[in-house]
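Asks: After the sequence you'll find the predicted model.
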Amino acid sequence: MEVQKTRFGFSDEELKALPTVYRADLFSGKTVVVSGGGSGFGKAIACLLARLGANVAICGRNEEKLAATVSLLESMGAQVFSRSLTIRDPDQVDGFIEAVWDKFGALDLLVNNAGGQFPQMALDFKVKGWNAVIDTNLNGTWYMMQSAARQWVERKTPARS
């Protein structure tokens, strides 16, 4: 008996062609950061933003997935910046946000998408696993937001997160 593998999400071709209610140039001239942009929801968000004209900066831990997403976004005509990092490290986050400003001269929107979890019963969580989830989902999100906000304040630039 052959076991069929369950497929989740959309293919790259589907992401490029899915209908949208937004006008094609909605984010034209805007620069957007999507954490966790190499796969899953982050990749889908980055694709939509690229389709809407944004410069897109993505980060994540998996260099291969990031590189594949960069190729996809560039095939759609987007200007793209990518860096492999962990959002658990505030220094890496600061370096990434500064590099986005260096590349694009702006940062208009931050999408805090990166996150992690373990698909298991709550009673089975080990302390190390729990701390990893909290460090990514809370601290990492905070580091991204704080780093972007510091740049917006220093540069006297309005933005959204």
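Replies: Here it is on my side, so go on.
Asks: Give me the buried stretch members for the lowest-mean-pLDDT helix or strand in the chain, please.
Replies: Lowest by mean pLDDT, DSSP states H and E among the helices and strands of the chain is helix 127-134, with a mean of 92. Of the residues in helix 127-134, A132 count as buried by neighbour count, 16 or more other C-beta atoms under 10 Å. C-beta here means a position set from N, CA and C on the backbone, and glycine is covered the same way.
Asks: Okay, helices next: where are they in the protein?
Replies: 12-17, 40-51, 63-75, 90-104, 127-134, 141-154 (DSSP state H).
Asks: Compare those and give me the one nearest A57.
Replies: helix 90-104 (4.5 Å; C-beta to C-beta).
Asks: Can you give the distance of stretch 146-153 from its chain's centre?
Replies: Average the C-alpha atoms of stretch 146-153, do the same for its chain, and the two points are 17 Å apart (C-alpha atoms, centre = their mean, to the nearest Å).
Asks: Identify all contacting residues around it.
Replies: By C-beta atoms under 8 Å, 6 or more residues apart in numbering, the list of residues contacting stretch 146-153 from outside reads 33, 90, 93-94, 96-98, 101, 107, 110, 157-159, 161.
Asks: which of those residues has the most neighbours?
Replies: In terms of neighbours by other C-beta atoms under 10 Å, the contacts of stretch 146-153 top out with V33 at 28 neighbours.
Asks: picking that back up, make a markdown table out of the helices of the chain and add distance to S84.
Replies: What follows is the helices of the chain, written out as a markdown table (distance: least, C-beta to C-beta, whole Å):
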| stretch | distance to S84 |
| --- | --- |
| helix 12-17 | 20 |
| helix 40-51 | 14 |
| helix 63-75 | 4 |
| helix 90-104 | 9 |
| helix 127-134 | 18 |
| helix 141-154 | 15 |
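Asks: out of those helices, deepest packed?
Replies: With neighbours defined as mean count of other C-beta atoms under 10 Å, the helices of the chain peak in mean count at helix 40-51, which reaches a mean of 22.
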